[in-house]
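J.: Here is a sequence together with a model predicted from it:
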Amino acid sequence: MQRRLPFLALLALSTTALAQTPAPATDPNAYLEDIHGTRALDTVKRWNTQSLAALEAKPGYARYRQRALDLLQADRQIATPDQILGDQVLNLWQDKTNVRGLWRVASLASFTSGKPVWRTLIDVDALGKAEGKSWVWKGATCRSPSYDRCMVALSNGGGDAVEEREFDIPTGKFVADGFVVPSFKTGLNWAGPDALYVATDFGGGSLTKSGYPRTVKRWQRGTPLSAAATVTSATADDVGIETNVFTDGDRRYPLVSRNVDFFHSKRSHIAENGRLVPSPLPDDAEINAVLDGRLIATLASDWKGIPSGSVVAYSIADVLAGRTPTIERVLVPTATQAVEQVDSSKSVLWVKMLDDVSGRLVSLTRGADGVWTQGVAALPTASTIHLEATAGKDDVAFAVVESFLSPPALYAVRPNAKPVAVDTLPARFDASMMQVEQRFATSKDGTKIPYFLVRKKGAPGSGGGPVPALVHAYGGFRNAQTPTYLVDQPYRSGPAGLFWVEEGNAFVLANIRGGGEYGPRWHQMPLRENRQKAYDDLHAVGDDLVRTGVSAKRKIAVSGRSNGGLLVGVAMEQRPDLYGAIVMGSPLLDMQRYSHLSAGASWIGEYGDPDKPADWAFISQYSPYQNLKRGVQYPTPFIYTSTEDDRVHPGHARKFAARLEAYGDPFFYYENPEGGHAAGADKIEDAKRAALVTVYLNAQLAPQR
């Protein structure tokens with residue numbers, strides 16, 4: 001019963017483009033915040049032309065690009081279940097012919113057999129061509145329990161702002177005179193067979209200071225959106241508001257969340273008469289699912305004697321009746337474990353966990369005595385597990401299992417039964433000469449920081465000399481970084497990591513603090529005034545590579561996107577002695593202005609408020625745009641972003657490049673005209689970026705090639 005990601009899950013990744021507070025007149029690069037301004041785009045065009053000419057001319061570019069494209073668009077792929085609706089499976093399929101994808105449906109029975117019979121619902125490429133739009137698929141919200149209608153989300157160019165349209169699955173057509181919500185960063189759910197809960201831009205005063213909807217309305221079919229009835233509203237200072245509707249058998253349980261900041265929300269159940277009944281959960285708990293009439297949530301802090309990171313449950317009926325519910329302990333992780341994802345099937349709760357950053361899938365069932373019994377799925381160990389979808393009418397979950405060197409395999413998992421392989425991809429490269437190790441570096445404060453090291457067998461540490469190393473990290477917003485097959489890493493520059501290892505170098509995935517690798521505490525350690533801890537962790541991994549002879553100073557590249565782009569911007573300035581290359585994707589860099597650019601105000605809970613002198617005092621210590629200095633021999637960065645990035649404003653990347661230029665420092669810059677925060681709307685653009693990154697790394701760290 002997989003659903004579209006909830007609002008706060010997306011906030012870590014997304015923002016909405018808005019009219020912004022003007023940049024200070026004293027900033028000579030302020031004009032670059034004008035996203036589509038002529039002067040700004042002229043500057044971007046000049047940088048793009050210069051950088052692409054230099055990088056595409058480097059040895060191997062065309063070969064890397066073609067191989068990346070062949071790998072990313074391989075004919076043999078796994079059709080993963082995007083959603084299971086009753087006895088139907090939905091999937092978006094992309095290949096060489098269908099670049100933007102086919103949205104299609106198959107029966108659950110045929111899918112589970114490994115021989116699905118698909119019926120195409122929407123050809124996204126054809127739809128875009130017919131309508132003159134660059135449509136990118138952004139998911140569907142389907143009404144339950146009939147599962148015959150869906151609100152489909154389409155983005156023009158790949159940004160987060162979407163147009164929502166009602167679609168009928170049985171006929172395979174958009175509904176004539178159906179629900180349509182104009183393009184915006186809208187949140188919606190089905191409020192009934194002929195009604196929607198909608199949070200969108202309703203006009204003047206309907207948005208928060210962060211640029212998100214502040215009002216949820218109930219829109220009845222046959223009436224204009226302007227006549228929708230208000231359910232409740234957030235304040236202008238809140239981040240935003242959202243609804244979730246959980247399906248449990250034939251019942252639906254709506255919930256509204258007023259998101260006070262990124263990590264705290266006031267939640268209320270919506271009773272059948274529309275009355276709002278507050279949830280007893282602490283504001284920082286994460287809502288997961290509903291099973292057997294019980295709300296399931298994960299705690300971010302200790303509560304009622306239950307430790308943070310635990311999964312708990314309570315009876316929704318008790319809350320609606322005004323009774324104090326019993327809080328049940330569903331699962332309490334150990335010190336090395338973290339709960340990553342929770343979902344429900346017909347009568348089983350499924351929990352995707354990490355144990356020292358290794359994946360496991362747990363099934364839990366509730367006894368009549370209220371005690372939850374746990375079982376562990378017998379899936380391959382030392383792997384990453386992706387809980388793709390669960391069925392609402394059956395107790396089956398579908399999970400993809402992969403590792404750096406093992407291709408993805410899709411399993412159908414049932415409680416107390418051996419998982420069944422539904423589909424397994426063939427190997428895309430020869431992994432027999434490669435090895436993976438998990439190591440631990442010691443950070444400045446003594447904390448042990450895990451990292452994965454991928455390299456050829458018999459590499460440094462066993463007789464060879466140090467080699468160039470590429471370290472990827474993120475370190476924020478509870479987002480854990482786990483191993484994935486070296487071919488499929490679009491947010492880690494696609495298959496660039498594979499090319500890097502094949503050519504004798506080292507690829508490293510660092511699990512620094514700020515992510516969710518060890519639960520809430522791992523994320524909370526470097527918040528706000530403690531941000532430097534995350535940067536110290538990254539430096540510790542780099543120093544450990546030098547200490548152990550894997551690599552050497554100025555032979556190490558660091559890569560990061562979004563918050564990770566901020567991370568590597570800081571790394572570039574704090575340790576130019578250690579790093580020799582910087583891959584800086586869709587970055588946050590001007591931390592004095594971030595809360596005034598796009599929806600940056602929604603991230604104040606993570607970084608602090610730069611408009612408050614006390615907060616700016618610690619943010620100013622690391623903000624890359626302000627801390628760039630003349631006359632320092634920085635590594636030459638490769639900066640990439642997208643003009644249509646409505647998550648992290650492209651002005652961050654642009655202004656940083658402009659300051660480098662003013663100081664006479666070299667850099668490479670590529671701004672994709674579309675693609676949103678991913679900096680690429682399809683795999684063709686991902687392949688190009690992978691090739692650009694590879695030749696850049698070769699030039700900076702292995703110039704002999």
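T.: It's in.
J.: The helix or strand encompassing Glu340 packs against which elements?
T.: Using DSSP states H and E, Glu340 maps to strand 337-344. Taking 3 or more C-beta pairs under 8 Å, 6 or more residues apart in numbering; DSSP states H and E as contact, the helices and strands that strand 337-344 lies on are strand 286-291, strand 294-298, strand 349-355, strand 384-390. No exception for glycine: its C-beta is placed from N, CA and C like everyone else's.
J.: Just put those strands in CSV and tack on distance to Ala699.
T.: As requested, the helices and strands packed on strand 337-344 are exported to CSV (distance: least, C-beta to C-beta, whole Å):
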stretch, distance to Ala699
strand 286-291, 43
strand 294-298, 45
strand 349-355, 36
strand 384-390, 31
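J.: returning to what we had before: partner strands of the strand holding Glu340, parallel or antiparallel?
T.: The strands beside strand 337-344 in its sheet (DSSP bridges) come out as strand 349-355 (antiparallel).
J.: quick one: contacts of the partner strand?
T.: Applying C-beta atoms under 8 Å, 6 or more residues apart in numbering, the contact partners of strand 349-355 are 289, 291, 296, 311, 330-331, 333-334, 336-344, 359-366, 372, 385-387, 390, 397, 399, 413, 480, 482, 516-518.
J.: rewinding a little: out of the helices and strands packed on strand 337-344, deepest packed?
T.: With neighbours defined as mean count of other C-beta atoms under 10 Å, those peak in mean count at strand 294-298, which reaches a mean of 25.
J.: So which elements touch the helix or strand just after it?
T.: Sequence order places strand 311-315 as the next helix or strand after strand 294-298, per DSSP H and E. In terms of contacts (3+ C-beta pairs under 8 Å, 6+ apart), strand 311-315 is packed against strand 294-298, strand 328-331.
J.: Mind doing that once more with 10 Å?
T.: strand 286-291, strand 294-298, strand 328-331, strand 349-355, strand 358-366 (3 or more C-beta pairs under 10 Å, 6 or more residues apart in numbering; DSSP states H and E).
J.: I'd like the mean pLDDT over the fourth one, please.
T.: Across strand 349-355, pLDDT averages out at 98.
J.: Kindly report the same for the longest one.
T.: Averaged over strand 358-366, pLDDT sits at 97.
J.: The first one now?
T.: Strand 286-291 shows a mean pLDDT of 98 in the predicted model.
J.: before we move on, the earlier item: tell me which of the helices and strands packed on strand 311-315 lies nearest to Arg252.
T.: Arg252 sits nearest to strand 286-291 of all those, at 9.0 Å, using C-beta to C-beta.
J.: Using PDB, list the CA coordinates for that closest one.
T.: Output in PDB follows, covering the C-alpha atoms of strand 286-291 (Å, rounded to 0.1, in the frame of the first residue of the first chain):
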ATOM      1  CA  GLU A 286       7.000  10.300  12.300                       C
ATOM      2  CA  ILE A 287       3.600   8.900  11.200                       C
ATOM      3  CA  ASN A 288       4.100   5.700   9.300                       C
ATOM      4  CA  ALA A 289       0.900   3.600   8.700                       C
ATOM      5  CA  VAL A 290      -2.400   2.300  10.000                       C
ATOM      6  CA  LEU A 291      -3.000  -1.300  10.800                       C
END
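J.: okay, the angle between it and strand 384-390?
T.: On the basis of axes from the mean of the first three to the mean of the last three C-alpha atoms, to 10 degrees, strand 286-291 is oriented at 50 degrees to strand 384-390.
J.: Could you count how many residues lie near Asn156?
T.: 18 (other C-beta atoms under 10 Å).
J.: ok, what's across the strand from it?
T.: Beta-bridge pairing for Asn156 (DSSP bridges): Trp135.
J.: What pLDDT does the model give it?
T.: pLDDT, read off for Asn156, is 93.
J.: Arg258 touches Ile241, doesn't it?
T.: Yes. Look at Arg258 against Ile241 with C-beta atoms under 10 Å: they come within range, at 5.3 Å.
J.: So these two - more neighbours on which side?
T.: Ile241 (25 against 22).
J.: secondary structure element for the residue nearest to Gln66 when sequence neighbours are not counted?
T.: The shortest distance from Gln66 to any non-neighbouring residue, by C-beta to C-beta, 6 or more residues apart in numbering, is to Ala687 (8.0 Å). For Ala687, the element it lies in under DSSP H and E is helix 683-701.
J.: Give me the helices and strands touching that helix, please.
T.: Checking 3+ C-beta pairs under 10 Å, 6+ apart, helix 683-701 ends up next to helix 38-56, helix 61-72, strand 469-472, helix 496-502, strand 556-561, strand 579-585, strand 637-642, strand 668-672.
J.: Nearest to Pro450, out of the ones you listed?
T.: strand 469-472 (12.9 Å).
J.: Let me have the helices and strands packed on helix 683-701 in a markdown table, extended by mean neighbour count, distance to Thr326 and mean pLDDT.
T.: Formatted as a markdown table, these follow (neighbours: other C-beta atoms under 10 Å; distance: least, C-beta to C-beta, whole Å; pLDDT from 0 to 100):
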| stretch | mean neighbour count | distance to Thr326 | mean pLDDT |
| --- | --- | --- | --- |
| helix 38-56 | 15 | 58 | 98 |
| helix 61-72 | 18 | 50 | 96 |
| strand 469-472 | 26 | 44 | 98 |
| helix 496-502 | 25 | 48 | 96 |
| strand 556-561 | 29 | 43 | 97 |
| strand 579-585 | 27 | 47 | 97 |
| strand 637-642 | 28 | 49 | 96 |
| strand 668-672 | 24 | 52 | 96 |
